[in-house]
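Participant: task: produce atomic coordinates for the following.
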Amino acid sequence: MQSNSLKKIYVVSILILSAVSVNTLKAQFTISSDSAFNAGSPNTGRLWGYSFADFYYKAHADTLNRGGGNQYTGIPKDRNAFQIRRVYLGYNYNISKKFSAEVLLAAENGALSGEALTDNKLAFYVKLANLRIKNIWKGTDLVLGQVAPPDFVMSSEPIWGYRSVEKTILDKLGIPSFDLGATLQGKFDPSTGNYGYDLMVGNGTGAKPEGDKYKWFYGDVWAKFFDKKIYVNLYMDYNRMHPINGMKHSSSIIKGFVAYTVPKFTIGVEAYSNRLQNDDQATEITTGNVDVLTVHARGISIFTHEPIIKDKLNFFARFDALNPDNEIDNSKYNKYVGNTNGFNDPSTKEQFITAGLDFTPTKNVHLMPNIWYNKYTNQGPANLYNSYDLVYRITFYYVFGK
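Facilitator: Numbering: from 1, shown residues only. Take a look at the predicted model:
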């Protein structure tokens, strides 16, 4: 009897503590609607996330495994598999009208991401974690912590609209999509929101700890014209890196992006030039000596998407062209080695094509049959040859909490 009485007292105690805890949480945090959260009401938050995955079949493979960080580099011909490429779980919280916080966990599959465990299972890491101080002066926020730089995440990526199919051209080359630092995000005309800017200084190491004394500086200006149908963005950055053979080593990018968007049609063009100071180690044919060259990598991306059946079926297509080195001289050199992520093979030009259909059976659920094609054209030593990677895919993409 005494034992049964103690059990009853224990159960009742647990129920009372649970009720007190729930009431305490309700007192501390408002369970809010989207409208309250979007209005910036204090003590309101939103949990959200998305994921995309594919079933792919690799129809052709480049036997030289070119392509650097491309997701299908090194995968043999006729390989087929289901593959998760990204899982996001985020939380945004309004501390007050003046302060808000953001945390994003990500698990991603890619040669440059490095989120796999030793047994090749995906693992979550902290991609974003920041505090936003709103209107430090009218129209400008200060964001401290791990945040998206202004290179493409806030400009070309959302207008391209198909990150679930492929990264933007700069993202493919390893330019940071998140960094730890401080950023100003502002509008010159807060009431209309047609003109703005972003400035940031960060470690340049993404989610990894800082490993040197150098910082990455980012900045852009943007404008919207003709009732916001045309969007224009000019971006620049500078990253000082470890010296190469005692010589100054740096990367600096200038990028322009223009897009035209109306309800029935979107087209965008993104082009960049990347000056890589003392980055390419070129081996002389006659002496075997290694010269360190300053080169320019250049690329252009053109994309379009448009509805076929409103809210149900879209078409999308994109073409990229990349030349990682404008200093190739095969009469003098027989080997080229780059030192920057995304530019490790300066002797190979690339052309990328993707196209597909986007079927949306219900809001925030997408089924997308598409092709993924990357051509490699040798501009270096004659013993290399031209080839390509070709993949057929069905991409699955869903969003929740937004």
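Participant: C-alpha from now on. contacts and neighbour counts both.
Facilitator: OK.
Participant: helix/strand/coil for A355?
Facilitator: strand (DSSP: H, G, I helix; E, B strand; the rest coil).
Participant: what's the neighbour count on the residue lying closest to F52 once chain neighbours are set aside?
Facilitator: The spatially closest residue to F52, leaving aside those adjacent along the chain, is Y397, at 4.3 Å (CA to CA, 6 or more residues apart in numbering). Residues near Y397, counting by other CA atoms under 10 Å, number 21.
Participant: the one 4 residues further on too?
Facilitator: Using other CA under 10 Å, G401 is surrounded by 13 other residues.
Participant: contact partners for it?
Facilitator: Taking CA atoms under 8 Å, 6 or more residues apart in numbering as the criterion, G401 is in contact with R46, L47, W48, G49.
Participant: mind checking pLDDT for it?
Facilitator: On the pLDDT scale, G401 is placed at 93.
Participant: mind checking which of the contacts of G401 are buried?
Facilitator: Taking 16 or more other CA atoms under 10 Å as the criterion, what is buried in the contacts of G401 is R46, G49.
Participant: okay, and for the stretch 51-200 of the chain, where does confidence drop off?
Facilitator: Within the stretch 51-200 of the chain, the segments meeting pLDDT under 70 span 110-119.
Participant: apply 80 and report the result again.
Facilitator: Within the stretch 51-200 of the chain, the stretches with pLDDT under 80 are 68-69, 109-121.
Participant: can you pull out the helices in it?
Facilitator: Counting by DSSP state H, counting those that start in this stretch, the stretch 51-200 of the chain has these helices, from start to end: 156-160, 169-172.
Participant: list the buried residues in the first one.
Facilitator: Yep, that's helix 156-160 we're talking about. So for helix 156-160, counting by 16+ other CA under 10 Å, buried means S156, E157, I159, W160.
Participant: closest one to V103 out of the residues you listed, please.
Facilitator: E157 (20.0 Å; CA to CA).
Participant: what residues does the closest one make contact with?
Facilitator: R163, K167, T168.
Participant: what about 10 Å?
Facilitator: D151, R163, E166, K167, T168, I169, D171 (CA atoms under 10 Å, 6 or more residues apart in numbering).
Participant: can you go through those and name the buried ones?
Facilitator: Buried subset of the contacts of E157 (neighbour count, 16+ other CA under 10 Å): D151, E166, K167, T168, I169, D171.
Participant: the residue lying closest to S347 once chain neighbours are set aside: how many residues sit nearby?
Facilitator: Closest residue to S347 apart from its sequence neighbours, by CA to CA, 6+ apart: G380 at 4.6 Å. If you count neighbours by other CA under 10 Å, G380 ends up with 22.
Participant: for G380, helix, strand, or coil?
Facilitator: What three-state DSSP gives for G380 is coil.
Participant: check contacts around it.
Facilitator: G380 neighbours (CA under 10 Å, 6+ apart): 325, 328-331, 333-336, 345-349.
Participant: of all the buried ones among the contacts of E157, which comes closest to K58?
Facilitator: Using CA to CA, the buried ones among the contacts of E157 come closest to K58 at E166, 15.9 Å.
Participant: report the central residue of the protein.
Facilitator: Geometric centre of the chain, nearest residue: S177, 4.4 Å, by CA atoms, centre = their mean.
Participant: about what we covered before: wait, is the residue nearest to F52 part of a strand?
Facilitator: Yes. In this structure, Y397 lies within a strand as judged by three-state DSSP.
Participant: run through the bridge partners of S100.
Facilitator: N94, R132 (DSSP bridges).
Participant: next, count neighbours for it.
Facilitator: The number of residues packed near S100 is 21, by other CA under 10 Å.
Participant: just to revisit the earlier point, pick out the most distant pair among the contacts of E157.
Facilitator: Maximum distance among the contacts of E157 (CA to CA): 16.2 Å, for D151 and E166.
Participant: now the helices of the stretch 51-200 of the chain as TSV including distance to A101?
Facilitator: Below are the helices of the stretch 51-200 of the chain laid out as TSV (distance: least, CA to CA, whole Å):
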stretch	distance to A101
helix 156-160	21
helix 169-172	25
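Participant: could I get the buried ones among the contacts of E157 as a markdown table with distance to G193?
Facilitator: A markdown table is the format used below for the buried ones among the contacts of E157 (distance: CA to CA, whole Å):
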| residue | distance to G193 |
| --- | --- |
| D151 | 19 |
| E166 | 29 |
| K167 | 27 |
| T168 | 25 |
| I169 | 27 |
| D171 | 26 |
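Participant: would you mind measuring from A123 to T73?
Facilitator: With distances taken as CA to CA, to the nearest Å, A123 is found 21 Å from T73.
Participant: the two: who's more crowded?
Facilitator: Using other CA under 10 Å, the more surrounded residue of A123 and T73 is T73, with 18 against 15.
Participant: wait, that one sits on A61?
Facilitator: Yes. With contact defined as CA atoms under 10 Å, T73 counts as touching A61 (8.2 Å).
Participant: mutual contacts of the two, please.
Facilitator: Joint contacts of T73 and A61 (CA under 10 Å, 6+ apart) are N374, D389.
Participant: just the strands in the stretch 201-350 of the chain please.
Facilitator: Under the criterion DSSP state E, counting those that start in this stretch, the stretch 201-350 of the chain contains strands at 216-225, 230-244, 247-262, 265-284, 290-309, 313-323, 333-337, 348-362.
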